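1. next input, structure requested:
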Amino acid sequence: MPKLTIDGTELEVAQGTSILQACEELGIEIPHFCYHSKLSVPANCRMCLVEMQGSPKPVASCAMPCADNMVIRTASELTHRTRQDVMEFLLINHPLDCPICDQGGECDLQDQAVGYGYDRGRYSEAKRAVKDKYMGPLIKPFMTRCIQCTRCIRFADEIAGVPELGLLGRSEDVEISTFVEKAIASELSGNLIDVCPVGALTSKPYAFAYRSWELKRTAGIDVMDAVGSNIRIDSRGNEVVRILPRLNEDVNEEWIADKSRFAYDGLKRQRLDRPYMRVDGSLQPVTWDRALEVAAAKLKATAPDRIAALAGDLVDVESVVALGDLMKSLGVANLDCRQDGAEFDTAHPAGYLFNSTIAGIEEADAILIVGGYLRWEAPLINARIRKRLLAGGLKVGVIGEHRDQTYPHKYLGAGVETLQAVASGNHEFCDILRSARKPMIIVSASIFAGGSGIALQALCRQAASMFNMVTDGWNGFNVVHTAAGRIGAVQAGFLPQAGGLGTRAICKAAADGRLDLVYLLGADEIEPSTLGKAFVIYQGHHGDQGAHRADLILPGAAYTEKTGTYVNTEGRVQVSRAAVFPPGEAKEDWKILRALSALAAKTLPYDSLGELRSRMAQIPAFRDGATPSPSGWGQFGTAGQIENRVFPAAMSNYYMTNTISRASVTMAKCTEEFLEFQAQPKTGTEG
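-> This is a model prediction of the structure:
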């Protein structure tokens, strides 16, 4: 390990550590633009120059590896003067847009200009201007501001896997552009805004709206998929105006998907802000007292075996625990949280969790992906696989629809027949799995929804056992879910009780007239016609499919409007904070259920969020705080006959998968722009 001296301090660093990284270890801030810890090092902005003893000129600290006996000066007169010169060159063509630039207050160039900029310019020639490019409905480019740091190019190529940006031209005519002017077709394109150190790439939906210092920042958890990305919710007044990623190396690193970032405008549209009751065939507004009285009377007057409750994809654990406690106290056994009708063994957590953890993907050397389309279902898991593959030594095989995964892979087949061949060891990809040191299987939970789910789960377990994917210190059996609230609801026990019906059976019983009351907690993916003539109570935050079918509507709070607990696909328990208040008369969901329970003569034993959390702590899955629950390994699933079918993707439209995204104008524009291109199946094979 090399030893060097930086500003008079001697330290020892790992082999391959750059001078810039060594300075960061000492807490010394080195100005830079092109360097990014998650991207390759181009060393083209030259802002990070430092003085090195024995070198005839300053060196780029981001690209120079540490070596023994180096003596580095980061605050010398030569270093400071050199950085001033670099800053002067960077500002030669930069426009004076700071008063109207959306990057103002969050701009690296602004910050560094304060420390290294001159109070006047010496450049008298004509400034150059660059024509703005069209990059789609999400990114608003101002390319005259670009300093050619190439972060956007490297992100698109290395992280997103869509090399659609490039540096064109030479010398003064150089500019960053798409090779063919079109929208950037990536589910991670919004991160280009974050990596840009100046105001060249900004958010189109957020353009000219607010200044950064006007906003309140709240730590939250994303609910657009089951990854559980850590996000920052920016609000002004009672309006969510921006969503940005928070750093969590174990989950989302410092990225978020486009739906997570841009669907927030759906929180302002089609909202339920007061209770409604169906009168003479139409929904009419009523008071909370009247709505709760009607709901309680219906619950008390209906036999428990003729009541069912379904929880939706965006529900927090607090709400689903409260509804479960209420229904169980009434003797209701017909409960389920799997709107898509997925059937899988829930007795062993290892059978439905992402056991290796998302960060564990970086240890795998062979991955078998079964079903789904991870690029849509979990873009950040897909990006993590690409990251691991680019590091070398990984082989990926895919069973399911043949689409562009953004990384090289071996396409194995379309469905059950191929999976059976792999599980029995009779497929050419089996040799790769056998020779792997840490093999992994990633199963899309969508395959459990097409029938024979428990048998398919057992078949996937057989494949994992066949190739020793579960050993001491390594559990390579992973399931990817798409619903943010599903794992929390499963672990809270919101499942069919003894003799109770699951989602498919509930819908069939309601259609046949064997159910009189169905309670929908944010359940909007249920086909309304399947509920027959049952009285439907809908509790949720958007006027979507569930609300249109409802006979009684109880307006709840969206994920940005309540403090709630969510469990991601790993089993990681995380808490999201309330950023704004619910609109109108809407209330937090658990409070609605607590009030309803009192009128139904089954009062829930908690009056505050703290007391409800104490109730949750009695559930084993929620005792371990924010770490993935220990999953172990068990004989989950039951072998049986499986119909030979293909594994389709879990969604046909990435941009509209829940009530919030369906209400978003931005997501509607993305659907129009991208869907036809991205949904087109690939042909041929990939190496």
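
2. for the stretch 1-150 of the chain, which segments count as strands?
-> Listed in chain order, the strands of the stretch 1-150 of the chain (DSSP state E, counting those that start in this stretch) span residues 3-6, 9-12, 49-52, 59-60, 70-73, 139-141.

3. in the second one, what's buried?
-> Okay, so that is strand 9-12. When neighbours are counted by 16 or more other Cβ atoms under 10 Å, the buried residues of strand 9-12 are found to be residue 11. Just so you know, the C-beta spots here come from the backbone N, C-alpha and C atoms, and that holds for glycine as well.

4. kindly export it (C-alpha atoms) in PDB.
-> Output for strand 9-12, consisting of C-alpha atoms alone and laid out as PDB, is shown next (Å, rounded to 0.1, in the frame of the first residue of the first chain):
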ATOM      1  CA  THR A   9       0.100  14.900   6.500                       C
ATOM      2  CA  GLU A  10       1.400  11.400   5.800                       C
ATOM      3  CA  LEU A  11      -1.100   8.700   5.100                       C
ATOM      4  CA  GLU A  12      -1.300   5.200   3.600                       C
END
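
5. use 616 as the first number for this chain going forward.
-> Noted, 616 is the first residue going forward, which turns the last one into strand 624-627.

6. same for it, what does it pack against?
-> Strand 624-627 sits against strand 618-621, with contacts defined as 3 or more Cβ pairs under 8 Å, 6 or more residues apart in numbering; DSSP states H and E.

7. in the stretch 1016-1165 of the chain, which spans are helices?
-> For the stretch 1016-1165 of the chain, applying DSSP state H, counting those that start in this stretch gives helices covering 1031-1038, 1045-1050, 1068-1081, 1101-1106, 1118-1126, 1160-1164.

8. helices or strands next to the shortest one in the packing?
-> When contacts are defined as 3+ Cβ pairs under 8 Å, 6+ apart, helix 1160-1164 sits against strand 1150-1155.

9. got the contact list for the strand it packs on?
-> Among residues not part of strand 1150-1155, those counted as contacts by Cβ atoms under 8 Å, 6 or more residues apart in numbering are 887, 910, 913, 917, 927, 1131-1139, 1161-1162, 1164-1171, 1204, 1207-1208, 1274.

10. likewise stretch 820-838?
-> By Cβ under 8 Å, 6+ apart, the list of residues contacting stretch 820-838 reads 715, 717, 719-721, 752-753, 755, 843-851, 856-858, 861, 871-872, 875, 877, 880, 929, 1099-1100, 1174-1175, 1181, 1189-1194, 1273, 1281.

11. also stretch 617-634?
-> Against stretch 617-634 from outside (Cβ under 8 Å, 6+ apart): 616, 636-638, 640-641, 643, 656, 665, 667, 674, 676-690.

12. are any of these buried, and if so which?
-> 636-638, 643, 656, 665, 667, 674, 676-679, 681, 685, 687-689.

13. the closest residue to residue 1269 other than its chain neighbours: what secondary structure?
-> Closest residue in space to residue 1269, ignoring its immediate chain neighbours: residue 991 at 4.1 Å, by Cβ to Cβ, 6 or more residues apart in numbering. Local secondary structure at residue 991 is given as helix here, using DSSP: H, G, I helix; E, B strand; the rest coil.

14. next, count neighbours for residue 991.
-> For residue 991, the neighbour count with other Cβ atoms under 10 Å is 24.

15. hang on, isn't it packed against residue 1266?
-> Yes: with contacts counted by Cβ atoms under 8 Å, residue 991 reaches residue 1266, the gap being 5.8 Å.

16. burial count for residue 1002?
-> Residue 1002 is flanked by 18 other residues according to other Cβ under 10 Å.

17. nope, residue 1218 is what I was after
-> The local packing count at residue 1218 equals 15, with neighbours defined by other Cβ under 10 Å.

18. hmm, who's touching the helix or strand bottoming out on mean pLDDT in the chain?
-> Comparing helices and strands within the chain by mean pLDDT, DSSP states H and E singles out helix 1280-1293 as the least confident, with a mean of 84. Outside of helix 1280-1293, the residues that reach it under the criterion Cβ under 8 Å, 6+ apart are 751-753, 798, 800, 820, 873-874, 877-878, 880-881, 884, 991, 1268-1271, 1276.

19. so where do the helices sit in the stretch 716-865 of the chain?
-> Taking DSSP H, counting those that start in this stretch, the helices of the stretch 716-865 of the chain run over residues 723-731, 766-769, 806-810.

20. nearest to residue 1030, out of the ones you listed?
-> Taking Cβ to Cβ as the criterion, residue 1030 comes closest to helix 806-810 out of the helices of the stretch 716-865 of the chain, the separation being 33.2 Å.

21. show me what that closest one is packed against.
-> Helix 806-810 is packed against helix 766-769, strand 816-818, strand 854-860, with contacts defined by 3+ Cβ pairs under 8 Å, 6+ apart.

22. let me have the ones you listed in JSON lines, extended by mean neighbour count.
-> Listed next are those as JSON lines, based on neighbours: other Cβ atoms under 10 Å:
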{"stretch": "helix 766-769", "mean neighbour count": "22"}
{"stretch": "strand 816-818", "mean neighbour count": "23"}
{"stretch": "strand 854-860", "mean neighbour count": "20"}
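
23. may I see these organised as TSV, with distance to residue 1088 added?
-> Rendered in TSV, the data for the helices and strands packed on helix 806-810 read as follows (distance: least, Cβ to Cβ, whole Å):
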stretch	distance to residue 1088
helix 766-769	34
strand 816-818	42
strand 854-860	30
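
24. fine, thanks again, bye for now.
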